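# could you look at this predicted model? Sequence included:
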Amino acid sequence: MQSSSPAFKDNARAALADQTLQKALKNVKSGFIGKRAKARERLPEFDDLRDAARDIKNHTLANLDFYLERYEEKVQASGGQVHWAATAEEARAEILKICRDVDAKVVTKGKSMISEEIALNQHLEGAGLEVVETDLGEYIIQLRKEVPSHIIAPAVHLTKDQIEADFRHHHDKLPAERPLSEPVQLVAEARQMLRQRYLDADVGITGANFLVAETGTSIIVTNEGNGDLTQTLPKVHIVIASLEKVVPNLEDATTILRVLARSATGQEFSAYTTFSTGPRRPEDPDGPEQYHVILLDNGRSQMLGSEFQDMLRCIRCGACMNHCPVYHSVGGHAYGWVYPGPMGAVLTPSLIGVDEAGHLPNASTFCGRCEAVCPMRIPLPRMMRHWREREFERHLSPKAVRFGLAAWAFFARRPQLYHRLMGVKMRLLAAFGRNQGRFNALPFAGGWTKHRDFPAPEGKTFQQLWAERQRGGPAS
Amino acid sequence: MAEKAQRVGLFVTCLVDLIRPSVGFAAVKLLEQAGCRVEVPRAQTCCGQPAYNSGDRADTRAIAEQVIDAFAGFDYVVAPSGSCASMIKKHYPGLFADDPLLRAKAEDLAERTFELVSFLTDVLGVEVVESSFSGAVTYHDSCSGLRELGVEAQPRKLLNNLPGVEIREMEESNVCCGFGGTFCVKYPDISNKMVTNKADFVAASGAGTLLAGDLGCLMNMAGKLQRQGAAVRVRHVAEVLADMADGPAIGEPDPGSEQNKSGSAA
């Protein structure tokens, strides 16, 4: 996917001015935060489970080669195939080849962020295939030719009214007067439109929440059951997953599942948790004839052993963005690539380069709410800071910022000089500001005073007053 | 009771030093009332967060070393800011991962360093302070103090024990105000959205005074409320707890100034 991350500031400004988007974004706060908090309250051992989940992933990442090879053996033993893809291009080519080998015309898809990362739909459509997204949110944004704005709620940037209008426009064979203002009506209509497509499909593509090394199983969690229809009905099931999705065994997977849905939607468990191991066996009533797994690296192995390794624990629950005040303000599209919010601010520079995505780790107040809710205890602010360090080392930060910082640091490292200079500056500023108590414009502080007043200093600095007090002077 | 008074080094913080020294004197008063002997090392400027959060490790380390030296030997180091206290307490040791000697010094300093209100309550066991302040207040939880140091119940407890004070909690009191140090000037439009939300919640609480424990956040919120023409007064919580809330609130004109006395203020 092409990134617009360098234009983050413009994207953000446009998002802030978009009243419909702002209305839709209110649902993020109201829809997710309280539900997660309640789910957490209902499970006293929730924080212990977070520790356990973190430890499982840390162990897996420390032995990733071992578990991936074991996983591959087990997939093969169950009759499936694993295709290792170092890059997005390799993954796309492999998927297209599998589709062509069965002369596929229609491909159905369950929700997959990896598919977005490798821009799969464009590639398959370019090759003449019809691609049908079956997750409701993905289906909506496919109609609109948009990309997801959230990793678990791809259409969260839209209001119900917008979706109704889209359905009326695209489903033009249906009666015009049908009632369609309630979410349940929208869901029923999407279901009706999709039903035949599941049966038409030659290939079904899903993502994976977990790959289980012990059994060669891929696991998906959904709330609509669309993933099951996508992967069970067609002749071919292709799983696309990045390599850090592997866990050692089923018990590990279920431990992490216990924190996943609670952190994501506040559910104890998602409505469907589906385990797939290989193609249909002779005794199975249904299932695909072929089972393929595309195992994508696309930059992740570079993160191993770096200060960004912890990011590979991420299970894509979305809790970080659900709790992020910056995400709440600008929505997911402003971030300009596949992964928005705090997890995107760390992951995106790893995958497409910090020179491209430099704004993302900077556009954070380090309020720490993301880390506080992350089920995998990923230190997101710390890693955003690491990106800022890389940028600083490579002189990628803006010149004006570097110059200002250097000037400030020069004085901050020289206390005597600092106190003398600041003492004079503050008294001047105080003299100018005393009448009003504040400034509504200040040279070199336009970023501040554009939106808010700046309080005038009281006058003498604390250090000056303290020195006077020590000498028995005027201050008390 | 300790046999001799605790020797406390006050980490003033750059914003209190420059913009609102009265907060520093409120901190001194609270500490002295609690029996501490307060000293203010002159060799302090800032905790280094502007450099740290801009990716400038070298300057951050240099400033941290300066702070470590300036505050050697004190029983405790106390800052009227959760953000600066947390910088020293939670982040300094990690700066010296490759230098065991400095790391040990940083860890020693980290152990002795506290945010003002949590120091009074958690370390000194203060339950009641005396203040004649009267009115309804709402309290904003600044992010670092709240999430890195666990400052949440302590200021509310001391405020609740003041006879004239009524706390009116605002919605989302624990959500960032949009200050974020350099964030507010690097991404002013997003910051503005966040502080506008905050100002709306403050106004909706109906409290006449907004309190918090960090001057950066307070300046941000005061600046927005005043730009909107809201009548809410904004103060550091230490001013109220130390009964030093008689002067002008943050961003308010000083009625005692010469111009304002002569009635020429426009």
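Okay, I see it. Numbering: from 1, shown residues only, chains lettered A, B, ... in the order given.
# residue in chain A nearest to chain B?
Residue nearest to chain B within chain A: A:Thr365 (2.7 Å; CB to the nearest CB). Yep, even glycine has a C-beta here, placed from its N, CA and C like the rest.
# how about chain B: which residue is closest to chain A?
B:Gly180 (2.7 Å).
# check contacts around the nearest residue to that residue once chain neighbours are set aside.
Spatial nearest neighbour of B:Gly180, chain neighbours left out: A:Thr365 (2.7 Å); criterion: CB to CB, 6 or more residues apart in numbering or on different chains. Counting by CB atoms under 8 Å, 6 or more residues apart in numbering or on different chains, A:Thr365 makes contact with A:Pro325, A:Val326, B:Cys143, B:Cys176, B:Gly178, B:Phe179, B:Gly180, B:Gly181, B:Phe183, B:Ser191, B:Met194.
# can you classify the residue of chain A closest to chain B as helix, strand or coil?
coil (DSSP: H, G, I helix; E, B strand; the rest coil).
# give me the pLDDT for it.
Model confidence at A:Thr365, given as pLDDT, is 98.
# can you check A:Glu90 too?
For A:Glu90, the pLDDT comes out at 98.
# for the helix or strand hosting it, which outside residues touch it?
Per DSSP states H and E: A:Glu90 is located in helix A:88-101. With contacts defined as CB under 8 Å, 6+ apart, helix A:88-101 is touched by A:83, A:85, A:107, A:114, A:117-120, A:123-124, A:127, A:129, A:202-203, A:205, A:236, A:238, A:240, A:290, A:292, A:294, A:296, A:298.
# report the buried residues of that helix.
Buried residues in helix A:88-101, counted by 16 or more other CB atoms under 10 Å in any protein chain shown: A:Ala88, A:Glu90, A:Ala91, A:Arg92, A:Glu94, A:Ile95, A:Leu96, A:Ile98, A:Cys99.
# how about stretch B:132-139?
Within stretch B:132-139, the residues that count as buried by 16+ other CB under 10 Å are B:Phe133, B:Val137, B:Thr138, B:Tyr139.
# among those residues, which ones are in strands?
With DSSP state E as the criterion, strands contain B:Val137, B:Thr138, B:Tyr139 from among the buried residues of stretch B:132-139.
# in TSV: those, plus distance to A:His451.
As requested, these are exported to TSV (distance: CB to CB, whole Å):
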residue	distance to A:His451
B:Val137	25
B:Thr138	21
B:Tyr139	23
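# mind giving me the domain split of the chain?
Just so you know, I chose chain A. As given by automatic domain parsing, the domain ranges for chain A are A:48-302, A:399-470.
# my question was about chain B
Looking at automatic domain parsing, the domains of chain B come to B:7-122, B:128-241.
# restricted to buried residues, select the contacts of helix A:88-101 in ChimeraX.
One line in ChimeraX is enough to select the buried members of the contacts of helix A:88-101, burial here meaning 16+ other CB under 10 Å:
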select /A:83,85,107,114,117,118,119,120,123,124,129,202,203,205,236,238,240,290,292,294,296,298
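# Throw the domains of chain B into JSON lines and include distance to A:Thr273 and mean pLDDT, thanks.
Shown next, in JSON lines, are the domains of chain B (distance: least, CB to CB, whole Å; pLDDT from 0 to 100):
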{"stretch": "domain B:7-122", "distance to A:Thr273": "38", "mean pLDDT": "97"}
{"stretch": "domain B:128-241", "distance to A:Thr273": "32", "mean pLDDT": "97"}
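# and A:Met1, which of these is closest to it?
Closest of the domains of chain B to A:Met1 is domain B:128-241, at 23.2 Å (criterion: CB to CB).
# who touches stretch A:297-317?
Outside of stretch A:297-317, the residues within contact range by CB under 8 Å, 6+ apart are A:53-54, A:57-58, A:61, A:64, A:84-88, A:91, A:113, A:117-118, A:151-152, A:209, A:242-244, A:256, A:259-261, A:263-264, A:343, A:346-347, A:350-351, A:375-379, A:383, A:386.
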